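Chemist: Here's my sequence, what's the structure:
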Amino acid sequence: MILGIEGVSCVGKTTLAAQLAPHLNRPAVIPCYYHASPDPTRLPAPEPFTAEHQLANIAQFLDVEDLRLTRARQALSNGLDVILDRTVDTLLAHAHAVGRMHGFDCDDQALRLVTSRPVAMPDLTIVLTADPDVLTRRARLRKGMPTIFYDRHFSEHFNAYLAHPLAPAVALLDAACGSPGDLTAGALDHVRRHQAAQRRPSPALGPHPLKEAS
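Modeler: Below is the predicted model:
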(Lines give C-alpha, C1' and ligand atoms only; values in the text may rest on other atoms or scores of the structure.)
Protein backbone atom coordinates (compact mmCIF):
# COMPACT_ATOMS: atom_id res chain seq x y z
CA MET A 1 0.00 0.00 0.00
CA ILE A 2 0.90 3.65 -0.25
CA LEU A 3 0.35 5.45 3.04
CA GLY A 4 0.44 9.24 3.12
CA ILE A 5 1.04 11.31 6.24
CA GLU A 6 -0.19 14.88 6.09
CA GLY A 7 -0.49 18.01 8.19
CA VAL A 8 1.17 21.35 8.75
CA SER A 9 4.79 21.68 9.81
CA CYS A 10 5.78 20.62 13.34
CA VAL A 11 2.74 18.36 13.72
CA GLY A 12 4.83 15.16 13.85
CA LYS A 13 4.63 13.64 10.36
CA THR A 14 8.24 12.47 10.13
CA THR A 15 8.16 11.02 13.63
CA LEU A 16 4.97 9.09 12.91
CA ALA A 17 6.40 7.77 9.64
CA ALA A 18 9.40 6.37 11.51
CA GLN A 19 7.19 4.81 14.17
CA LEU A 20 4.91 3.17 11.61
CA ALA A 21 7.68 1.78 9.40
CA PRO A 22 8.45 -1.34 11.53
CA HIS A 23 4.79 -2.34 11.39
CA LEU A 24 4.52 -2.33 7.58
CA ASN A 25 6.12 -4.41 4.84
CA ARG A 26 9.68 -3.01 4.76
CA PRO A 27 8.33 0.32 3.53
CA ALA A 28 10.20 2.89 1.54
CA VAL A 29 9.82 6.07 3.58
CA ILE A 30 9.87 8.89 1.05
CA PRO A 31 10.80 12.23 2.60
CA CYS A 32 8.95 15.51 2.23
CA TYR A 33 9.59 17.77 -0.74
CA TYR A 34 12.26 19.79 1.07
CA HIS A 35 14.35 16.76 1.96
CA ALA A 36 13.67 14.98 -1.35
CA SER A 37 14.91 17.95 -3.36
CA PRO A 38 18.44 17.66 -4.79
CA ASP A 39 19.03 21.26 -3.67
CA PRO A 40 16.54 22.55 -1.07
CA THR A 41 18.10 26.02 -1.22
CA ARG A 42 16.65 26.42 -4.73
CA LEU A 43 13.07 25.73 -3.64
CA PRO A 44 10.73 28.75 -3.76
CA ALA A 45 9.86 30.93 -0.78
CA PRO A 46 6.84 29.58 1.12
CA GLU A 47 4.71 32.72 0.94
CA PRO A 48 3.96 33.93 -2.60
CA PHE A 49 1.66 36.93 -2.84
CA THR A 50 0.11 36.28 -6.27
CA ALA A 51 -1.62 33.36 -7.95
CA GLU A 52 0.98 33.37 -10.71
CA HIS A 53 3.84 32.94 -8.28
CA GLN A 54 1.99 30.21 -6.40
CA LEU A 55 1.35 28.23 -9.59
CA ALA A 56 4.99 28.60 -10.61
CA ASN A 57 5.98 27.27 -7.21
CA ILE A 58 3.74 24.22 -7.61
CA ALA A 59 5.33 23.48 -11.00
CA GLN A 60 8.73 23.51 -9.32
CA PHE A 61 7.60 21.20 -6.54
CA LEU A 62 6.11 18.82 -9.11
CA ASP A 63 9.63 18.32 -10.44
CA VAL A 64 10.54 17.05 -6.97
CA GLU A 65 7.40 14.90 -7.02
CA ASP A 66 8.82 13.19 -10.11
CA LEU A 67 11.74 12.00 -7.97
CA ARG A 68 9.42 10.81 -5.22
CA LEU A 69 7.26 9.02 -7.78
CA THR A 70 10.27 7.11 -9.10
CA ARG A 71 11.11 5.89 -5.59
CA ALA A 72 7.51 4.88 -4.97
CA ARG A 73 7.37 2.92 -8.21
CA GLN A 74 10.59 1.09 -7.36
CA ALA A 75 9.27 0.08 -3.94
CA LEU A 76 5.92 -1.10 -5.29
CA SER A 77 7.60 -3.09 -8.05
CA ASN A 78 9.55 -4.91 -5.33
CA GLY A 79 6.35 -5.69 -3.42
CA LEU A 80 7.08 -3.20 -0.63
CA ASP A 81 4.88 -0.63 1.07
CA VAL A 82 5.42 3.10 0.70
CA ILE A 83 5.11 5.83 3.31
CA LEU A 84 4.91 9.38 1.96
CA ASP A 85 5.99 12.14 4.34
CA ARG A 86 3.65 14.70 2.76
CA THR A 87 1.67 13.95 -0.37
CA VAL A 88 0.74 15.96 -3.43
CA ASP A 89 -2.23 17.23 -1.41
CA THR A 90 0.31 19.35 0.47
CA LEU A 91 0.84 21.43 -2.66
CA LEU A 92 -2.87 22.07 -3.06
CA ALA A 93 -3.44 22.71 0.65
CA HIS A 94 -0.60 25.23 0.68
CA ALA A 95 -1.98 27.02 -2.38
CA HIS A 96 -5.43 27.13 -0.79
CA ALA A 97 -4.11 28.50 2.51
CA VAL A 98 -1.77 31.11 1.06
CA GLY A 99 -4.43 32.27 -1.36
CA ARG A 100 -6.96 32.78 1.42
CA MET A 101 -4.42 34.72 3.44
CA HIS A 102 -3.38 37.03 0.60
CA GLY A 103 -6.62 37.52 -1.29
CA PHE A 104 -6.24 35.31 -4.35
CA ASP A 105 -7.76 32.01 -5.41
CA CYS A 106 -5.84 29.65 -7.69
CA ASP A 107 -7.36 26.42 -6.37
CA ASP A 108 -8.84 25.28 -9.69
CA GLN A 109 -5.70 26.14 -11.63
CA ALA A 110 -3.53 24.38 -9.06
CA LEU A 111 -5.73 21.29 -9.27
CA ARG A 112 -5.44 21.20 -13.07
CA LEU A 113 -1.67 21.60 -12.81
CA VAL A 114 -1.29 18.76 -10.32
CA THR A 115 -3.63 16.37 -12.12
CA SER A 116 -1.86 16.95 -15.43
CA ARG A 117 1.09 14.88 -14.23
CA PRO A 118 1.49 11.41 -12.67
CA VAL A 119 2.04 11.51 -8.91
CA ALA A 120 2.38 9.04 -6.05
CA MET A 121 -1.22 8.92 -4.86
CA PRO A 122 -1.74 7.31 -1.43
CA ASP A 123 -4.32 4.63 -0.82
CA LEU A 124 -4.83 6.10 2.65
CA THR A 125 -3.72 9.41 4.11
CA ILE A 126 -3.35 10.02 7.84
CA VAL A 127 -3.91 13.73 8.53
CA LEU A 128 -2.35 14.94 11.77
CA THR A 129 -3.73 18.01 13.49
CA ALA A 130 -2.70 19.89 16.64
CA ASP A 131 -3.62 23.01 18.53
CA PRO A 132 -1.84 26.05 17.00
CA ASP A 133 -0.28 26.89 20.37
CA VAL A 134 1.35 23.45 20.43
CA LEU A 135 2.69 23.99 16.92
CA THR A 136 4.09 27.39 17.88
CA ARG A 137 5.97 25.92 20.83
CA ARG A 138 7.43 23.20 18.64
CA ALA A 139 8.33 25.63 15.85
CA ARG A 140 10.36 27.79 18.22
CA LEU A 141 12.70 24.84 18.64
CA ARG A 142 13.39 24.71 14.90
CA LYS A 143 15.93 27.26 13.79
CA GLY A 144 14.87 29.22 10.73
CA MET A 145 11.31 27.89 10.54
CA PRO A 146 9.26 30.36 8.42
CA THR A 147 6.54 31.85 10.58
CA ILE A 148 3.81 31.15 8.03
CA PHE A 149 4.15 27.42 8.67
CA TYR A 150 2.82 27.78 12.20
CA ASP A 151 0.52 30.73 11.64
CA ARG A 152 -2.91 29.96 13.10
CA HIS A 153 -4.79 31.15 10.00
CA PHE A 154 -2.50 29.21 7.68
CA SER A 155 -3.14 26.04 9.68
CA GLU A 156 -6.89 26.57 9.59
CA HIS A 157 -6.99 27.03 5.82
CA PHE A 158 -4.51 24.20 5.21
CA ASN A 159 -6.60 21.78 7.25
CA ALA A 160 -9.80 23.02 5.63
CA TYR A 161 -8.46 21.90 2.25
CA LEU A 162 -7.51 18.50 3.68
CA ALA A 163 -11.17 17.88 4.52
CA HIS A 164 -11.64 17.23 0.76
CA PRO A 165 -8.27 16.11 -0.66
CA LEU A 166 -7.35 14.17 -3.76
CA ALA A 167 -6.50 11.14 -1.64
CA PRO A 168 -9.33 8.58 -1.85
CA ALA A 169 -9.32 7.75 1.88
CA VAL A 170 -8.42 10.00 4.82
CA ALA A 171 -8.26 9.55 8.59
CA LEU A 172 -7.75 12.44 11.03
CA LEU A 173 -5.74 12.12 14.24
CA ASP A 174 -5.00 14.70 16.94
CA ALA A 175 -1.21 14.57 17.20
CA ALA A 176 -1.19 16.21 20.62
CA CYS A 177 -3.69 13.85 22.23
CA GLY A 178 -2.02 11.05 24.16
CA SER A 179 1.50 9.66 23.99
CA PRO A 180 3.51 9.00 20.80
CA GLY A 181 2.66 5.34 21.31
CA ASP A 182 -1.04 6.18 21.41
CA LEU A 183 -0.71 8.13 18.17
CA THR A 184 1.09 5.25 16.47
CA ALA A 185 -1.53 2.78 17.68
CA GLY A 186 -4.33 5.00 16.40
CA ALA A 187 -2.69 5.34 13.00
CA LEU A 188 -2.08 1.59 12.80
CA ASP A 189 -5.71 0.95 13.58
CA HIS A 190 -6.72 3.03 10.57
CA VAL A 191 -4.12 1.27 8.41
CA ARG A 192 -5.27 -2.21 9.45
CA ARG A 193 -8.92 -1.38 8.88
CA HIS A 194 -8.11 0.00 5.43
CA GLN A 195 -6.07 -3.09 4.56
CA ALA A 196 -8.87 -5.38 5.75
CA ALA A 197 -11.37 -3.53 3.59
CA GLN A 198 -9.06 -3.86 0.58
CA ARG A 199 -8.78 -7.63 1.11
CA ARG A 200 -12.52 -8.14 0.84
CA PRO A 201 -13.47 -9.88 -2.43
CA SER A 202 -14.25 -7.55 -5.29
CA PRO A 203 -14.52 -8.03 -9.05
CA ALA A 204 -11.56 -7.80 -11.39
CA LEU A 205 -8.85 -7.53 -8.74
CA GLY A 206 -5.44 -7.01 -10.25
CA PRO A 207 -1.93 -5.96 -9.21
CA HIS A 208 -1.56 -2.71 -7.26
CA PRO A 209 -1.39 0.19 -9.74
CA LEU A 210 0.47 3.38 -9.00
CA LYS A 211 -2.50 5.70 -9.17
CA GLU A 212 -2.45 9.03 -10.90
CA ALA A 213 -4.18 12.09 -9.52
CA SER A 214 -6.91 12.30 -12.10
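
Chemist: only C-alpha atoms for contact and neighbour calcs from this point on.
Modeler: Will do.

Chemist: where exactly do the helices run in the chain?
Modeler: 13-20, 33-36, 51-77, 89-102, 107-115, 132-139, 152-161, 180-199 (DSSP state H).

Chemist: Out of those, which is closest to Ile2?
Modeler: With Cα to Cα, the closest approach to Ile2 among these belongs to helix 51-77: 8.2 Å.

Chemist: which parts of the closest one are buried?
Modeler: Buried positions in helix 51-77, judged by neighbour count with 16 or more other Cα atoms under 10 Å: 51, 54-55, 57-59, 61-62, 64-65, 67-69, 71-73, 75-76.

Chemist: can you check stretch 113-121 too?
Modeler: For stretch 113-121, by 16+ other Cα under 10 Å, it's 113-114, 118-121.

Chemist: what would those residues look like in TSV with pLDDT?
Modeler: Listed next are the buried residues of stretch 113-121 as TSV, based on pLDDT from 0 to 100:
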residue	pLDDT
Leu113	97
Val114	97
Pro118	96
Val119	97
Ala120	97
Met121	96
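
Chemist: Give me the most central residue, this protein.
Modeler: Arg86 (2.5 Å; Cα atoms, centre = their mean).

Chemist: Show the contacting residues for the closest residue to Phe61 other than its chain neighbours.
Modeler: Spatial nearest neighbour of Phe61, excluding adjacent residues (Cα to Cα, 6 or more residues apart in numbering): Tyr33 at 7.0 Å. With contact taken as Cα atoms under 8 Å, 6 or more residues apart in numbering, Tyr33 is in contact with 61, 64-65, 86.
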